[in-house]
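*Asks:* My questions are about this predicted structure, shown below with the sequence.
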Amino acid sequence: MSRIGRQPIAVPAGVDVKIDGSTVTVKGPKGTLTRTVHSNMKVELDGAEIKVSRPDESNLNKSLHGLTRTLIANMVKGVTDGYSKELEINGVGYRAAKQGKDLVMNIGYSHQVTMSEIEGITIDVPAPNKIIISGPDKQKVGQFAAEVREKRPPEPYKGKGIKYVDEHIRRKEGKAGKGGK
């Protein structure tokens, strides 16, 4: 049986969970998240715990069991603590600023790159070379951070570009030294 799928999900105080058929709604201090789980998975609220079970041992149900449990656990964590991704901008003259609800970046192009906040996402720029993206939905935070990074991914020679704070860029040496005849 799935080791992850078997584990119950603890529901902290201040979090409201509603299960309506295959739709799970989690409401907490950071917001409300709703997800429709696969109809084969049985999700039930048992006191202050959510339990996910599967009907049989078929490969589909085995693979869905741990996935469903993890998705619901991420929803519970998101509405209590929230998720955030930190991005770092490296390069001479590269910087970011927040104008209203827009993220405006100067990243080496002839024009400024502007990205608007989407619903459920908060952009914070504590320093000109640092961007923090946060929100309750893990998938939305990760996707938006990936889209910001995509505007100028880090290059391997000088390391210029937008990278995650915990990301390591494999550096290349560049051209070999001049010599010979």
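*Replies:* That came through, no problem.
*Asks:* Just to be sure, G66 is in a helix?
*Replies:* Yes - the assignment for G66, made by DSSP: H, G, I helix; E, B strand; the rest coil, places it in a helix.
*Asks:* Report how many residues lie close to it.
*Replies:* For G66, the tally of surrounding residues (other CB atoms under 10 Å) stands at 18. The C-beta positions use only the backbone N, C-alpha and C, and glycine is treated the same way.
*Asks:* which sections of the protein are below the confidence cut-off?
*Replies:* Using pLDDT under 70 as the threshold, the predicted model of the chain has low-confidence ranges 1-2, 177-181.
*Asks:* Spatially central, which residue of it would that be?
*Replies:* Of all residues in the chain, the one closest to the mean position by CA atoms, centre = their mean is G142, 2.6 Å from it.
*Asks:* quick one: which helix or strand includes that residue?
*Replies:* The secondary structure element spanning G142 is helix 138-150 (assigned by DSSP states H and E).
*Asks:* Would you mind listing the buried residues in that helix?
*Replies:* For helix 138-150, the buried set under the neighbour-count rule, 16 or more other CB atoms under 10 Å, comprises K138, K140, V141, F144, A145, V148, R149.
*Asks:* and K42, bridged to which residues?
*Replies:* Note on K42: beta-bridge partners by DSSP bridges are S53.
*Asks:* Could you do the one 4 residues further on as well?
*Replies:* Residues found in beta-bridge contact with D46 (criterion: DSSP bridges) are E49.
*Asks:* how far away is it from L67?
*Replies:* Shown here: D46 relative to L67, a distance of 20 Å by CB to CB, to the nearest Å.
*Asks:* repeat for S116
*Replies:* For S116, the distance to L67 under the criterion CB to CB works out to 31 Å.
*Asks:* Those two - which one has more neighbours?
*Replies:* Neighbours of S116 and L67, each counted by other CB under 10 Å, are more numerous for L67; the result is 17 against 10.
*Asks:* what separates that one from N61, distance-wise?
*Replies:* When CB to CB is applied, the distance between L67 and N61 equals 11 Å.
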